[in-house]
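Trainee: Fold the following for me, if possible:
(one chain, ligands or ions: 2)
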Amino acid sequence: MKILVIGSGGREHALAWKLRQSEGVQAVYCVPGNAGAAIDASCIPGDILSLPEMANLAESLKVSFTVVGPEAPLAAGIVDAFAARGLAVVGPVRSAARLESSKIFAKEFMRQHRIPTADFAVLEKPADIDDHIGRFGFPVALKADGLAAGKGVVLAKNETEARATATTMLAGEVVGPAGRRLVVEQFLRGEETSFIVLTDGRDFCIFPPTQDHKAAFDNDQGPNTGGMGAYCDPDILTDEIRETVISRVVEPTLEGVRATGQPFQGFLYVGLMLTGDGPMVLEFNVRLGDPETQPLVHGMTGNLAQLLASAAEGRLDAGAGEWKAGKTTCVVLTSEGYPGSYPKGRIITGIDRAEACGAKVFHAGTRFHQGQIATAGGRVLGVTAGGDTLAESMENAYSAVKEIHFDGMHFRRDIGKKGLSRARL
Ligand code: AMP
Ligand code: GLY
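Mentor: Residues are numbered from 1 along each chain as shown. Ligands and ions are numbered 1, 2, ... in the order given. Coordinates of the predicted model:
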């Protein structure tokens, strides 16, 4: 089997690394990839938003299938473009990708299918602010309708802040056109978890639950980022909550999309808030999470290539999805200033030493520079390690982090900490 991975982050390096180890795989290609993906795959430069270019590439490489990492090509219709040329691909068609690319579409879909989620209203013009802003009390969540690279959600503490945010967002000043329509929704309290399934449209393979850490600083302080670290631990969900998520969220979602005539194929990522009233959907993504993928594939014992190929071909072999018993933690190392502006080109040392400690270091924003590896993005590396217990996996990841250095390196010191308090209950 030859496989093409689309994307350049830690998620894509982790996929390439695991796919290369899968039995039956002869070659893995990654477009455009990064300095780490280049170790596990043949990296090819390219514009991942140019759909004909991507389809030509998959065709000329004669790959068995392509897996799409990020949301933007999915929202642009890469799966439709590939399907039109008979090319196998893991990911949903454009119409199904609206579950992620339009918050309004997702909320209305959930309302229609009675999927538990926060009560909401849509804001389209300044007058709507007066009508709806106070309906759900404060704090309140304001969400840009369109894709906004993690910057489209503002949790406003009070009415003044909510009005100001809604006004500037609607004017296109916060996240551009993505914010010209908004969702205002009830604020939910609880613990967050990422629940991911891979589906061929009908059957699905359930991945173990993970927890991301979106805020830049310890104790969930500071601005939201793409994700500062994640751990994978089956104990995040009780069997009862897991069953609820499957029956009240996953099944009705897949059924609802199937009813449109264009089933959902690919990864359905359900962002959940575990509230006192049960699990509620915060968001859908139509792809794997980053950094959730890093601990997920690290702990996988099944054949990822076989699993993905079966989903792409519409005959899911869910048995190929198997994980070892322990827990896994991934700590993301970022450039100083991220998620704001940050410097690039800082030389990174100690990756080999970190891996000698037993961790796997997945690359995100890295590139080769005169024979060395240098920073090239906000999120730079994802140091990932397993353990029998969550505490052990955290210790293994953090002791490997100590070996790595680049100027201005930042990371959270509390990845996994919330899970430890759960283990004590
Ligand atoms: P989303 O992109 O919709 O997942 O939102 C980004 C982050 O904002 C989530 O991971 C939550 O931490 C937070 N958030 C979103 N919606 C709500 C809500 N209704 N109540 C509380 N927090 C929320
Ligand atoms: N880690 C959150 C995301 O991938 O959207």
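
Trainee: For whichever residue of the stretch 1-150 of the chain sits closest to ligand 2, grab the count of nearby residues.
Mentor: As assessed by Cβ to the nearest ligand atom, ligand 2 sits closest to G150 within the stretch 1-150 of the chain, at 6.8 Å. For every residue, glycine as well, the C-beta is placed using N, CA and C. Residues near G150, counting by other Cβ atoms under 10 Å, number 14.

Trainee: any idea how far it is from L170?
Mentor: According to Cβ to Cβ, to the nearest Å, G150 and L170 sit 20 Å apart.

Trainee: and the stretch 201-350 of the chain, which residues reach ligand 1?
Mentor: Contact residues (Cβ under 6 Å from any ligand atom) of the stretch 201-350 of the chain with ligand 1: K214, G271, L282, E283.

Trainee: let's go with 5 Å and repeat that
Mentor: Within the stretch 201-350 of the chain, the positions adjacent to ligand 1 are G271, L282, E283 by Cβ under 5 Å from any ligand atom.

Trainee: can you check the stretch 1-150 of the chain too?
Mentor: Within the stretch 1-150 of the chain, the positions lying close to ligand 1 (Cβ under 5 Å from any ligand atom) are A118, A141.

Trainee: For the stretch 1-150 of the chain, give me the ranges with low pLDDT.
Mentor: Counting by pLDDT under 70, the stretch 1-150 of the chain contains no low-confidence range.

Trainee: Show me the helices in it, by range?
Mentor: Assigned by DSSP state H, counting those that start in this stretch, the helices in the stretch 1-150 of the chain fall at 10-21, 37-40, 51-61, 71-76, 78-84, 94-101, 103-112, 126-132.

Trainee: List the buried residues of the second one.
Mentor: The one in question is helix 37-40. By neighbour count on 16 or more other Cβ atoms under 10 Å, the buried set for helix 37-40 is A37, A38, D40.

Trainee: Secondary structure element for the residue of the stretch 201-350 of the chain at minimum distance from ligand 1, which one?
Mentor: Relative to ligand 1, the nearest point of the stretch 201-350 of the chain is E283 (3.5 Å; Cβ to the nearest ligand atom). Element membership for E283 (DSSP states H and E) is strand 278-285.

Trainee: Which secondary structure elements does that strand sit against?
Mentor: Helices and strands touching strand 278-285, as assessed by 3 or more Cβ pairs under 8 Å, 6 or more residues apart in numbering; DSSP states H and E, comprise helix 94-101, helix 103-112, helix 239-245, strand 266-275.

Trainee: If we use 6 Å, what do you get?
Mentor: Other helices and strands packing on strand 278-285, by 3 or more Cβ pairs under 6 Å, 6 or more residues apart in numbering; DSSP states H and E, are helix 94-101, helix 239-245, strand 266-275.

Trainee: Please convert the ones you listed to JSON lines, extending it with mean neighbour count and distance to N56.
Mentor: What follows is those, written out as JSON lines (neighbours: other Cβ atoms under 10 Å; distance: least, Cβ to Cβ, whole Å):
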{"stretch": "helix 94-101", "mean neighbour count": "22", "distance to N56": "19"}
{"stretch": "helix 239-245", "mean neighbour count": "14", "distance to N56": "39"}
{"stretch": "strand 266-275", "mean neighbour count": "22", "distance to N56": "22"}
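
Trainee: so which of these gets nearest V401?
Mentor: Of all these, strand 266-275 sits nearest to V401, with 26.0 Å by Cβ to Cβ.
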